[in-house]
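K.L.:
Sharing a model prediction with you, sequence too.
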Amino acid sequence: MSQFDLILLGPPGAGKGTQASRIAADYRIPHVSTGDILRAAVKNQTQMGLEGKKYMDAGELVPDAVVIGIVRERLQEPDTAKGFLMDGFPRTIPQAQALDAALDDLGRAITKTIVILVDEEDLVKRLTGRRICRVCQAPFHVNFNPPREEGVCDKCRGELYQRDDDAEATVRNRLEVYRSQTEPLIDYYDRAGVVARIDGAQSPDEVYASIREVLGPAGE
Ligand code: ADP
Ligand code: ADP
Ligand code: ZN
């Protein structure tokens, strides 16, 4: 593949964030996480953050217009010219159509949609045990991927915390929202012939090896 305009798709907890940093580093493309951007807006108490927070706390989707605006702006940044890795976007058909239209304007199209698949009960265990770095957003897990030192990020020594929306009741709702609103995107991208399905029940290293196989060499 020459251009790497990539989407990471999959239910909450599938391991998108875990895989994203390695893909972004190896293929030298920016990691665009709408969840990270929205959480930063909440923390900074911007207008968008204040508006988005109520949806995020309930495990509902933030309105399409807001996230589409975020991604349109992000695609104006020069670092996305050689490609990008979308993580957590698109999540609805209108978002996917807006992304296609924005790329079409640039004479580009999605090169691959990597779908990471994991069983529902495993997702609940992954999400309820997840811990995130306050500084670099790296995900850890209390059992499956513990940091070397409890409560401290391996990468930047930032403090680890548990997201409010990783409480079990909210997790169940997020999985339901995924099934009804986001899963149909697999068909949408299948029709474009760009889907690669990955077994997310493997270890993080094995998942990454499967992704590398699909993407091929990173180029120069
Ligand atoms: P997503 O971004 O898809 O919501 P994350 O990458 O944040 O998912 O992973 C969710 C949780 O599962 C984290 O606590 C992470 O450490 C853990 N995790 C990620 N990949 C695996 C894996 N292959 N096996 C077991 N646990 C994993
Ligand atoms: P996950 O670990 O479940 O993949 P994210 O960090 O991607 O979670 O998203 C957290 C929350 O941010 C979502 O539950 C939703 O409220 C909001 N969000 C993130 N991306 C989007 C999007 N593309 N569309 C709508 N809401 C979004
Ligand atoms: Zn960190």
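P.N.:
On my side now, so go ahead. Residues are numbered from 1 along each chain as shown. Ligands and ions are numbered 1, 2, ... in the order given.
K.L.:
Next, Gly107: phi, psi?
P.N.:
Torsion angles at Gly107 (phi, psi; degrees, to the nearest 10) stand at phi 70, psi 30.
K.L.:
Just checking the distance from stretch 122-131 to the centre of its chain.
P.N.:
Stretch 122-131 has its C-alpha centroid displaced from the chain centroid by 15 Å (Cα atoms, centre = their mean, to the nearest Å).
K.L.:
which residues touch that stretch?
P.N.:
Here stretch 122-131 makes contact (Cβ atoms under 8 Å, 6 or more residues apart in numbering) with 11-15, 118, 139-144, 147, 151, 160-163, 166-168, 171-172, 174-175, 201. (C-beta placed from N, C-alpha, C; glycine too.)
K.L.:
and it with ligand 1, contact?
P.N.:
Yes: applying Cβ under 6 Å from any ligand atom, one finds stretch 122-131 in contact with ligand 1 at Arg126, Gly129, Arg130.
K.L.:
count of residues packed around the first one?
P.N.:
By that I understand Arg126. 24 (other Cβ atoms under 10 Å).
K.L.:
so where does it fall, helix or strand?
P.N.:
Using DSSP states H and E, Arg126 sits in helix 120-128.
K.L.:
Please tell me the pLDDT value assigned to the residue nearest the centre of the chain.
P.N.:
When Cα atoms, centre = their mean is applied to the chain, the residue found nearest the centroid is Asp87 (2.5 Å). Per-residue pLDDT puts Asp87 at 98.
K.L.:
So it sits against Ile37, correct?
P.N.:
No: the pair Asp87 and Ile37 fails to qualify as a contact (Cβ atoms under 8 Å) at a distance of 10.3 Å.
K.L.:
quick one: the strands in the chain?
P.N.:
Under the criterion DSSP state E, the chain contains strands at 4-9, 31-33, 83-87, 112-117, 130-133, 139-141, 160-161, 195-199.
K.L.:
Pull out the buried positions in the last one.
P.N.:
Using 16 or more other Cβ atoms under 10 Å as the burial criterion, the residues of strand 195-199 that qualify are Val195, Ala196, Arg197, Ile198.
K.L.:
before we move on, what about the fourth one?
P.N.:
When neighbours are counted by 16+ other Cβ under 10 Å, the buried residues of strand 112-117 are found to be Lys112, Thr113, Ile114, Val115, Ile116.
K.L.:
ok, of the contacts of stretch 122-131, which come out buried?
P.N.:
11-15, 118, 139-141, 147, 160, 163, 166, 171, 174-175.
K.L.:
just these that are near ligand 1?
P.N.:
Answer for these near ligand 1 (Cβ under 6 Å from any ligand atom): Pro12, Gly13, Ala14, Gly15, Pro139, Phe140, His141.
K.L.:
can I get those in CSV with pLDDT and distance to Ala65?
P.N.:
Listed next are those as CSV, based on pLDDT from 0 to 100; distance: Cβ to Cβ, whole Å:
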residue, pLDDT, distance to Ala65
Pro12, 97, 22
Gly13, 98, 26
Ala14, 98, 26
Gly15, 98, 29
Pro139, 97, 28
Phe140, 97, 33
His141, 98, 34
